[in-house]
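# 3D model of this:
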Amino acid sequence: MKKAILLLMSVQFLVYLGFGIIIPVLPEVIVQHNWDELHVGGLLTVYSLASFFTAPLWGMLSDKVGRKQLILMGLVGFSLSFVIFSLFIDNLVILYVSRVVGGLFSGALYTAVTGFVGDTSSEEDRNKYMGLMGMSIGLGFIFGPAIGGMLGHYSLQLPFTSSALLIALLFIYASFVLKEPEKRKDTNKRAIVPKGAGKMLQYRVRYLFLFSFLVTFMLAGVEATFQLFQIDRIQITPLQIGYLFMFSGFVDAAIQGGVVRRIKNGRETAWIIGAQIVTAIGMLLFTLTANLFMAGLALCVFTAGNALARTCVVSLSSKESGGQYGTAAGLSYSMDNLGRILGPLFFTWLFTVQSSLGYYTSAAIAVVSISIIFIYKASNKSLRLE
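Residues are numbered from 1 along each chain as shown. Next up, the predicted model:
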């Protein structure tokens, strides 16, 4: 069982590493080919779209063919998407195809891995194992951009060929180590809208889900436009981007591990309000970038605020769910995906209008979103279990 869990953690890590690894490379590809910057957002968006809307279909398929078979299928398809991107890096249409393929099979992997954990764990262990999966996803997001930037310094194709090779090796290992689990009737399937969501959205927790969407929406916007903006301002390189994202990743980890766990119950809203103010400051600092230090400072300030808000609102949503933790987690995941679908396109479009406009807009969103927290606090319609 321990080998299987470690393997599944590796799968989740590589899936989200694959999502993050493209962030410092994609803008450089677009700029070098003189393509419209809007394609940065487009290529990020089609990936999230393909993953989001096909995940329920993969869930039904995994019930028929089995979790292991779907994981192996997903690894092959995900590896193939990187091979296609590397081989056809000069062809914009094929790059879109590769991103759709990557999104499709990342959805398969997420669904199969979640189902596998649900099948092989008891109610007592499930939260622990799901927590480990979440940690792996977080590490993938942290190290993906850093590795992509460092490898992209030597060749823009290298991050993708390296990822394809790692995933291929993982496929071989999984073929021998994973054993098909016995299916459980109570295993939650991944759905676009979780069961029971309609009832939950009648309560004040809905304001937290809206807030969660805005937090991810802004994060996705920064991921899509940060490098384009810094190329315009200071001619930043993929290697420098990699280092900056690595430092900001450590800031994210420090917030998650050092600050959030010290927040006392009932004080979450105060911390969320503070986090949004810090986020807004980070956004305004982006517009003042004149050198690499300022770019890194702005990114770290933004990351600190965003990580704090993101984690606190997920924790508070769970407490407001009235014990319906699965439904709350499903809605949070849906809001996160929606933000990653809409954010890149919207903010790259703003960048094409005026390079700093996206950051001014995000700063305004961060400040205005504080009103959502006040509306949440003013409502008495709660599911919270005392």
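# Contacts only, for residue 15.
For residue 15, the residues meeting the contact criterion (CB atoms under 8 Å, 6 or more residues apart in numbering) are 78, 106, 109-110, 137, 140. Using the backbone N, CA and C atoms, a C-beta is placed for each residue, glycine as well.
# let's go with 6 Å and repeat that
With CB atoms under 6 Å, 6 or more residues apart in numbering as the criterion, the residues that contact residue 15 are 106, 109.
# from the middle of its chain, how far away would the helix or strand containing it be?
Under the assignment given by DSSP states H and E, the secondary-structure element containing residue 15 is helix 2-21. Relative to its parent chain, helix 2-21 has a centroid offset of 14 Å by CA atoms, centre = their mean, to the nearest Å.
# could you say what helices and strands the helix or strand just after that helix packs with?
Moving toward the C-terminus from helix 2-21, the next helix or strand (DSSP H and E) is helix 26-32. Using 3 or more CB pairs under 6 Å, 6 or more residues apart in numbering; DSSP states H and E as the contact criterion, the elements in contact with helix 26-32 are helix 38-65, helix 205-234.
# how does this structure divide up, domain by domain?
For the chain, whose domains are defined here by automatic domain parsing, the residue ranges read 1-178, 197-380.
# distance between the longest one and the chain's centre?
Domain 197-380 has its C-alpha centroid displaced from the chain centroid by 11 Å (CA atoms, centre = their mean).
# Check stretch 4-22 too.
With CA atoms, centre = their mean, you get 12 Å for stretch 4-22.
# Check stretch 27-35 too.
Stretch 27-35 sits 23 Å away from the centroid of its parent chain (CA atoms, centre = their mean).
# what's the answer for stretch 161-173, then?
Offset of stretch 161-173 from its chain centre (CA atoms, centre = their mean): 21 Å.
# which parts of it are buried?
Of all the residues in stretch 161-173, those buried under the rule 16 or more other CB atoms under 10 Å are 161-164, 166-168, 170-171.
# and which of those residues is nearest residue 66?
For residue 66, the closest of these turns out to be residue 171, at 15.7 Å, with distances computed as CB to CB.
# Let me see the contact set for the closest one.
Residues near residue 171 by CB under 6 Å, 6+ apart: residue 75.
# Just after the helix or strand containing residue 69, pick out the following helix or strand.
For residue 69, the element it lies in under DSSP H and E is helix 67-87. Using DSSP H and E, the helix or strand that follows helix 67-87 in sequence is helix 92-120.
# Let's test this: mean pLDDT of that following helix, rounded?
The average pLDDT for helix 92-120 rounds to 83.
# Renumber starting at 848 from here on
Taking 848 as the first residue, the last one we looked at is helix 939-967.
# worst average pLDDT in the domains of the chain?
Mean pLDDT is lowest for domain 848-1025 out of the domains of the chain, coming in at a mean of 82.
# which residues does the residue positioned nearest the centre of the chain contact?
When CA atoms, centre = their mean is applied to the chain, the residue found nearest the centroid is residue 988 (6.5 Å). For residue 988, the contact set (CB under 6 Å, 6+ apart) comprises 863, 867.
# how near is it to residue 1054?
Using CB to CB, to the nearest Å, one obtains 25 Å as the distance from residue 988 to residue 1054.
# just residue 941 next, same as before
Residue 941 is 42 Å from residue 1054, by CB to CB.
# same deal with residue 1024?
44 Å.
# buried sites along the helix holding residue 916?
By neighbour count, and taking 16+ other CB under 10 Å as the criterion, the buried residues in helix 914-934 are 914-915, 917-922, 924-933.
# Mind listing what's buried along stretch 884-903?
Within stretch 884-903, the residues that qualify as buried are 884-899, 901-903, counting by 16+ other CB under 10 Å.
# Let's see that stretch as CSV, backbone CA atoms only.
Coordinates of each C-alpha in stretch 884-903 appear next as CSV, following Å, rounded to 0.1, in the frame of the first residue of the first chain:
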residue,chain,number,x,y,z
GLU,A,884,0.7,37.4,-26.9
LEU,A,885,-2.9,36.3,-26.5
HIS,A,886,-1.8,32.8,-27.4
VAL,A,887,-0.1,32.5,-24.0
GLY,A,888,-3.5,32.7,-22.4
GLY,A,889,-5.1,30.5,-25.1
LEU,A,890,-2.6,27.7,-24.6
LEU,A,891,-3.0,27.7,-20.8
THR,A,892,-6.8,27.9,-21.1
VAL,A,893,-7.3,25.0,-23.5
TYR,A,894,-5.4,22.7,-21.2
SER,A,895,-7.6,23.6,-18.2
LEU,A,896,-10.7,23.4,-20.3
ALA,A,897,-9.9,19.9,-21.6
SER,A,898,-9.0,18.6,-18.1
PHE,A,899,-12.1,20.1,-16.4
PHE,A,900,-14.8,19.1,-18.8
THR,A,901,-13.6,15.6,-19.5
ALA,A,902,-12.8,14.5,-15.9
PRO,A,903,-16.4,13.2,-15.3
